[in-house]
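Q: The following block contains a protein sequence and its predicted model.
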Amino acid sequence: MESNAHANDIDQAEVLGAEAPDPSGAEKDPQDWVSGDEPATGAQKSYLDTLARRAGETLSADLTKAEASQHIDRLQGDQAD
């Protein structure tokens, strides 16, 4: 019984991480973002700089949030190969 009580504690405990993404396409296309036409954030630019260097690419620093997100997705996909 003690192990069952412990299992219940784990079930009700706060957890980190997330379940598998919903395959229904709940993720919006970056072009549809309300803020997609705003300048890329510093974090996006920094991460893109790292990814582009690893891929041997040069990208314009004058990107929107949506464009930066698309490049990040593409470059992350290139690294998975």
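A: Received it, and whenever you're ready, just let me know what you need.
Q: Please identify the helix or strand for E57.
A: Per DSSP states H and E: E57 is located in neither a helix nor a strand.
Q: Could you give the number of residues near it?
A: E57 has 13 neighbouring residues, counting by other CB atoms under 10 Å. The C-beta positions use only the backbone N, C-alpha and C, and glycine is treated the same way.
Q: list the contacts for it?
A: With contact taken as CB atoms under 8 Å, 6 or more residues apart in numbering, E57 is in contact with L75.
Q: Please apply the same query to the one 4 residues further on.
A: With contacts defined as CB under 8 Å, 6+ apart, the neighbours of A61 are K45.
Q: That one in helix, strand or coil?
A: Of the three states, A61 takes coil under DSSP: H, G, I helix; E, B strand; the rest coil.
Q: Longest helix in the protein, please.
A: In the chain, ranked by residue count with DSSP state H as the criterion, the top helix is helix 65-80.
Q: which of the residues in that one are buried?
A: Residues of helix 65-80 classed as buried: K65, A66, E67, A68, S69, Q70, H71, I72, L75 (neighbour count, 16 or more other CB atoms under 10 Å).
Q: Could you give the number of residues near D32?
A: 8.
Q: ok, now the one 3 residues further on?
A: Neighbouring residues of S35 were enumerated by other CB under 10 Å; the total is 11.
Q: Quick check: nearest residue in space to it, chain neighbours excluded?
A: Nearest residue to S35, sequence neighbours excluded (CB to CB, 6 or more residues apart in numbering): K65, at 5.8 Å.
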